[in-house]
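**Q** coords below, sequence missing:
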């Protein structure tokens, strides 16, 4: 019981990460960053190495479990899994029914997160500024890229898993949105629903290899080039704001298998959106919800600072 009490808040953070990862354009890595568990998550993931294997076979499972920070990963992954299984349909329903309101909430969340992450940069210099610009440019390009049709062979599914899972732990870069861009978002979801085990296991294998290897790189960058790496992550967040801008006008859509797919859309001002939809007070509610999200992240950050050391 004491173990559950100790790690229950971690499960709640996992639920928040899972809910964010379900939405194309919002990153679970952002939630991990602002809740104070980002560095511990990276360290736990990179502990899957040769030393872990030696401990498992020579010192036993207990030593192995302690080395990989097993309870931390177990409760966090449990929260993510619970969220994906229980909240994904609700979030997607809300996005379909109240898109501007939900995107407003995410917009406020990402803005507050980006400001908070930027505040952890200890010293600004030319290389840090360049890193922030590069991060912003990369994330912005990702948001305007057009989804494409790609191979359904297992080798490509493996690569897709590697890339998507890496994006999921990067603040500002959505793994589900990367799947969408690679033309595999619905394909993976349908494979899960249809229990196509060859595709599911290949995708999971790609995710495992991707996240355990990439976590080493990212953790090394944070320790060796802390300010530049955090600036890069901050840029990812600011660049992703283009995707989560609440007010949009559809420029191009296409009907595929009886469903309407939006291919291109443009950001517009609240006044233009009001004129387009005929909802005069809708923009006000969107702004209020964005402010609420901003304030919410502020309080989460304050609470996290009391319990965790942020990067």
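**A** The structure has been received and is ready for your questions. Since the model is a prediction, treat every value here as computed from it, not as a measurement.
**Q** which residues of the stretch 1-150 of the chain fall in strands?
**A** Assigned strands in the stretch 1-150 of the chain: none (criterion: DSSP state E, counting those that start in this stretch).
**Q** how many residues are close by the residue lying closest to residue 169 once chain neighbours are set aside?
**A** Of all residues not flanking residue 169 in the chain, residue 29 sits nearest, at 4.5 Å (CB to CB, 6 or more residues apart in numbering). Glycine gets a C-beta too; all of them are placed from N, C-alpha and C. Burial of residue 29 is recorded as 29 neighbouring residues (other CB atoms under 10 Å).
**Q** doesn't residue 38 make contact with residue 29?
**A** Yes - the pair residue 29 and residue 38 passes the contact test of CB atoms under 8 Å, sitting 7.2 Å apart.
**Q** let me see the contact set for the residue of the chain most remote from its centre.
**A** Distance from the C-alpha centroid of the chain, by CA atoms, centre = their mean, peaks at residue 58 (36.6 Å). Contacts of residue 58 were listed using CB atoms under 8 Å, 6 or more residues apart in numbering, and none were found.
**Q** do residue 56 as well
**A** Each residue near residue 56 by CB under 8 Å, 6+ apart is listed here: 63-64.
**Q** what's the distance between it and residue 213?
**A** Look at residue 56 and residue 213: by CB to CB, to the nearest Å, they are 19 Å apart.
**Q** residue 87 too?
**A** If you measure residue 87 against residue 213 using CB to CB, the figure is 29 Å.
**Q** these two - which one has more neighbours?
**A** Just comparing residue 87 and residue 213: by other CB under 10 Å the higher neighbour count belongs to residue 87, 17 against 14.
**Q** pLDDT value on the more buried one, please?
**A** We note a pLDDT of 72 for residue 87 in this prediction.
**Q** number of nearby residues for the nearest residue to it once chain neighbours are set aside?
**A** Excluding the flanking residues, the one nearest residue 87 by CB to CB, 6+ apart is residue 19, at 4.9 Å. Counted with other CB under 10 Å, the neighbours of residue 19 add up to 22.
**Q** contacts only, for residue 19.
**A** Counted by CB under 8 Å, 6+ apart, residue 19 has contacts 83, 87, 91.
**Q** give me that answer again for 10 Å
**A** Neighbouring residues of residue 19 by CB atoms under 10 Å, 6 or more residues apart in numbering: 26, 28, 31, 79-80, 82-84, 86-88, 90-91.
**Q** show me where pLDDT drops low in the stretch 151-300 of the chain?
**A** Across the stretch 151-300 of the chain, the ranges flagged by pLDDT under 70 are 167, 170-174, 177, 180-183, 186, 193, 252-263, 272-281, 300.
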